[in-house]
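Visitor: Sequence plus the predicted model coming up.
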Amino acid sequence: MDKKLLSKSVKKFSKNLSRTYGFELNKPTTLVKNCNSILQIISFNLPPSGLYCNIAVLPIYLPTDVIFYDIGTRLNHFKTNLSGNWCDGNTEEEILCDLDAIQKLIERNVLPWFNEVSSPVAFINMLEKEALA
């Protein structure tokens, strides 16, 4: 796997994704958006093999200097039955194909979920609903 190519591709992808959906880049591969005091997070990490895409929401009224992923998940398991790492191929074409699939999952699953929990009241309702499940 060409880690430099992957890193460059993911940084470019993150920048384009942030522009398209109104996120800010907290780091070159961490997108954040403040929506009604709820921080929406999409983060890409590059482990030794492949790519992880983590998503989370965090109420900004919690006093912290770090991002918690407690209320979130890794994208390959979020409302899908996919397994394994993203972008574990060797070619630019394979990387771009996986990034396109990630974008489609973000559009189909992540952004609607972010909208569902986009206010403190909706966030609390989600926590209460999950506590009862």
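Guide: Sure, I can see it. Residues are numbered from 1 along each chain as shown.

Visitor: In the protein, which helix is the longest?
Guide: Secondary structure assigned by DSSP state H gives helix 3-21 as the longest helix of the chain.

Visitor: Please name every helix or strand in contact with it.
Guide: In terms of contacts (3 or more Cβ pairs under 8 Å, 6 or more residues apart in numbering; DSSP states H and E), helix 3-21 is packed against strand 24-27, strand 30-35, strand 38-45, helix 92-105. Every residue, glycine included, has its C-beta placed from N, CA and C.

Visitor: In a markdown table: those, plus mean neighbour count.
Guide: Formatted as a markdown table, the entries for the helices and strands packed on helix 3-21 read as follows, by neighbours: other Cβ atoms under 10 Å:
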| stretch | mean neighbour count |
| --- | --- |
| strand 24-27 | 13 |
| strand 30-35 | 17 |
| strand 38-45 | 21 |
| helix 92-105 | 16 |
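
Visitor: I'd like to know how many residues surround residue 106.
Guide: Around residue 106 there are 22 other residues, counting by other Cβ atoms under 10 Å.

Visitor: Residue 130 now?
Guide: The tally of other residues near residue 130 (other Cβ under 10 Å) stands at 9.

Visitor: now swap in residue 123 and tell me
Guide: The burial count assigned to residue 123 is 19, neighbours taken as other Cβ under 10 Å.

Visitor: show me what contacts it?
Guide: 38, 57, 59, 117 (Cβ atoms under 8 Å, 6 or more residues apart in numbering).

Visitor: And stretch 19-32, how far out from the chain middle?
Guide: Taking Cα atoms, centre = their mean, to the nearest Å, one finds the center of stretch 19-32 at 10 Å from the center of the full chain.
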